[in-house]
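*Asks:* Sequence plus predicted model, see below.
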Amino acid sequence: MSRTTGYLFAVIVAVYIPFALLDYAHFPFSDGAEHGAAIRALAHNTLHPGDPMFKSPDSNSPRYVPSILLMALVMKLLNMDVIAILKLFLVIYFILFLVSAALFSREYFNDPGQATWSIAFLLFFWGLGWRDANAYMFSAILSTAHYPSVVAFSGSLLALYFQLRFLRSNRGRFLFGTIAAGALSFANHPVTGSFFLVCSALLYLEQEGLNRRTMFYYISALAAALCLTALWPYYNFWDAFKRVAAGEMRNTMDYSLTRQYLYSTPLLRAGPALIGIPIVIFYFTQRRYLLLWGGCAVFGCIYLAGYFVTISLTERFIFFTICLLQLAVSRLVKEWLAAASLSEMNLKKTVMVLLTGALAGGGAHKLKYHLLSFPHQACI
């Protein structure tokens, strides 16, 4: 990891931590409250936690996923309050997101200087954006970093990094890392885990093409993901899958509101990330970066199909589409500036000054919002 990327990490994390420690008024009405209940139930009884919301000892919950289990074990080990655990893992899982995105982008573009650009565009290259589950723009990830969907997204990027390292070095430990990280990501949040499965297939096609070797490796990762999820002891994945496929989620008010929210004003919410559309078309014409334009086509079509045919959970695929668009823009900007007359040192200094200024300004605005809106809230 380059020194510039390390400096950017330090600045972002330094800005992130104070805001992550703030309480926020909508917490009782967010998914975070359900995650907290699941953590507390698992910490109280790891083997038979029961339902975290209704204190029923005879049932389990799909909230009991690997990332929640890890938080519960740490809570039990350190005897910490559940709110403190949530705040602690906000920072830990946010750092996981930064590291995973940086490693993947550096390896995929085969450019040590790309990570800085990718991180900046992923966090800040948004319009109004969305919040809650799967949201990873900076203002949203202040409260969503510990959500199973965001943890699974980070794990998927890490798995793709391992896959690239395996394809380029043919070392077995990277194949193991690919399979393990991919399986855990899918078990943690199957919808987000599908991001890994689709991108993994595209990476194999891009790097080596379709052959027996790549098919064997991909099927191994797919089988591991399905087996771990099916054998996960805390809930029945296949029952949940059948309920979603049957459209039962559409009958709940909570899901209906979420679906409407994620399909509302997507152009305004995606904002400048839409610049990536002509860029991925440009890369398509050059037959470069199959993952970017192929992934955008797959995820974008799923998102649109879900709107017209009303398929449950397809609204989440907007985040995967925007991620690849942001990576495409960040890559083209990096290539253009690298080809310009600016020296590498002046370019790095300019980028870091701009990013530091943007973070400082955004942080001041966020602090002002909190102080004006919730003057009596406290930090842990």
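*Replies:* Yep, that arrived. Residues are numbered from 1 along each chain as shown.
*Asks:* Averaged pLDDT, stretch 194-210. What do you get?
*Replies:* Averaging pLDDT along stretch 194-210 yields 95.
*Asks:* then it to CSV, C-alphas only?
*Replies:* Extracted in CSV, the C-alpha atoms of stretch 194-210 (Å, rounded to 0.1, in the frame of the first residue of the first chain):
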residue,chain,number,x,y,z
SER,A,194,-24.2,-12.4,-5.1
PHE,A,195,-22.0,-9.4,-5.9
PHE,A,196,-19.0,-11.7,-5.2
LEU,A,197,-20.4,-14.6,-7.2
VAL,A,198,-21.1,-12.5,-10.3
CYS,A,199,-17.8,-10.5,-10.2
SER,A,200,-15.9,-13.7,-9.5
ALA,A,201,-17.2,-15.3,-12.7
LEU,A,202,-16.4,-12.1,-14.7
LEU,A,203,-12.9,-12.0,-13.3
TYR,A,204,-12.2,-15.6,-14.4
LEU,A,205,-13.5,-14.8,-17.8
GLU,A,206,-11.4,-11.6,-18.0
GLN,A,207,-8.2,-13.0,-16.7
GLU,A,208,-8.2,-16.6,-18.1
GLY,A,209,-11.3,-17.1,-20.2
LEU,A,210,-13.7,-20.0,-19.9
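*Asks:* Please point out which parts of it sit buried.
*Replies:* Of the residues in stretch 194-210, 194-204, 206-207 count as buried by neighbour count, 16 or more other CB atoms under 10 Å. Yep, even glycine has a C-beta here, placed from its N, CA and C like the rest.
*Asks:* What of stretch 89-96?
*Replies:* Buried, per 16+ other CB under 10 Å, within stretch 89-96: 89-91, 93-96.
*Asks:* go on, stretch 251-270?
*Replies:* So, applying 16+ other CB under 10 Å, buried residues of stretch 251-270: 255, 258-259, 262, 266, 269-270.
*Asks:* now do stretch 291-308
*Replies:* 291-296, 298-300, 302-304, 306.
*Asks:* In helices, which of the residues you listed fall?
*Replies:* Those of the buried residues of stretch 291-308 mapping onto helices are 291-296, 298-300, 302-304, 306, per DSSP state H.
*Asks:* Just the closest of those to Ala340, please.
*Replies:* Leu292 (22.4 Å; CB to CB).
*Asks:* where's that closest one relative to Leu222, distance?
*Replies:* Computed as CB to CB, to the nearest Å, the Leu292 to Leu222 distance reads 22 Å.
*Asks:* Equivalent analysis for Met253, please.
*Replies:* Distance of Met253 to Leu222, given as CB to CB: 34 Å.
*Asks:* And the buried residues of stretch 89-96, which is closest to Ile141?
*Replies:* Checking the buried residues of stretch 89-96 one by one against Ile141 (CB to CB), the nearest turns out to be Phe94, at 6.2 Å.
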